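Trainee: Task: produce atomic coordinates for the following.
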Amino acid sequence: MPRNLTIATLWTAAWKGSNVNRSCPGEHVLPDRPDVHYVITRKITTRNYWPLTSTRSAWARSSSSSPTLTSWGDRAMMTPEQLGEYIERHFTRSAYRWERQPAYEVASDGSDYKRYLDGAAEPMWERLDPWLQVLRDERAEGRDRHRVRLFHSPLTDYERYECEWGYELTGAAGEGIFVLDPADHRLPEVMIDHDFWLLDDEHPVWMHYGPDGTFHGSTVEPALADSYRLAQRTALDLAAPCASWWAQHPEHHRAAHRKAA
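Mentor: Purely as a prediction, here's the structure:
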């Protein structure tokens, strides 16, 4: 049965992608999600939508460029800024992140992803250094942050970029980075089919993304806490430390990939 969604605002680009005559209000279907029906209560344009900003956008793996949905079922959708505040309040012991998107459209990347594709030697340290210091401080405070990254086969350019200009550095700063390679493991059914955070093993947050990796918002999902905990334990049992996995797979490195191309 289709999921009914009440939406207070709709980003202009999504509005243009609608499959109906864009009358408002009315029930519509997202072009990439035929199982989801939504009701538009207000259209926004470039004149009346507000840009979202977040000083902690790296928390969210999110784009701060534009809002989309403001509700998911009967739950409010958190913006990147609200998500950062929620994590600050509830991350007292541990923060676990499950990532499975082929790529992410993230404002916190700045120009680094393009620079990486263009062959630059290293990231922009003025962008990255403050985040690395946050990770060092968390580790010194005894707070444990770790993530499992599900890779794709073949590895995407963005995943390659994450390994070389992201995970290698954040891992050295104190974050536990683990990877799941689909060539090594068949995913058990208990694995979750979307990105999420699990804070202090009891605060579950569903991260909502579009097909292109654009962040739409996040929702607190108490009913999914047990499923997230089981998926976390399973993923950590199967996953390999990113540093050792990356060292064992030089064929995925940018230099080898560019040479092969």
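Trainee: Now do the helices in the stretch 101-250 of the chain.
Mentor: 112-117, 125-140, 157-162, 168-172, 225-238, 242-247 (DSSP state H, counting those that start in this stretch).
Trainee: Dump the ones you listed to a markdown table, plus mean pLDDT, mean neighbour count and distance to residue 194.
Mentor: (Each C-beta comes from the backbone N, C-alpha and C, glycine too.) As requested, the helices of the stretch 101-250 of the chain are arranged in a markdown table below (pLDDT from 0 to 100; neighbours: other C-beta atoms under 10 Å; distance: least, C-beta to C-beta, whole Å):
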| stretch | mean pLDDT | mean neighbour count | distance to residue 194 |
| --- | --- | --- | --- |
| helix 112-117 | 96 | 17 | 22 |
| helix 125-140 | 97 | 14 | 24 |
| helix 157-162 | 97 | 20 | 17 |
| helix 168-172 | 97 | 18 | 22 |
| helix 225-238 | 98 | 16 | 10 |
| helix 242-247 | 97 | 17 | 21 |
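Trainee: List just the one of the ones you listed that sits closest to residue 150.
Mentor: For the helices of the stretch 101-250 of the chain, proximity to residue 150 was assessed by C-beta to C-beta; helix 225-238 is nearest, at 8.1 Å.
Trainee: Quick check: end-to-end length of stretch 184-192?
Mentor: Start and end residues of stretch 184-192 are separated by 18 Å (C-alpha to C-alpha, to the nearest Å).
Trainee: Give me the buried positions along stretch 253-261.
Mentor: By neighbour count with 16 or more other C-beta atoms under 10 Å, stretch 253-261 contains the buried residues 253, 254.
Trainee: Identify whichever of the helices of the stretch 101-250 of the chain lies nearest to residue 95.
Mentor: Short answer: helix 125-140, nearest of the helices of the stretch 101-250 of the chain by C-beta to C-beta, at 8.4 Å.
Trainee: What is the distance between that closest one and the centre of its chain?
Mentor: How far helix 125-140 lies from its chain's middle: 19 Å, per C-alpha atoms, centre = their mean, to the nearest Å.
Trainee: shaky segments in this protein?
Mentor: Residue ranges of the chain with pLDDT under 70: 1-74, 261.
Trainee: Apply 90 and report the result again.
Mentor: 1-76, 106-109, 153, 182-186, 257-261 (pLDDT under 90).
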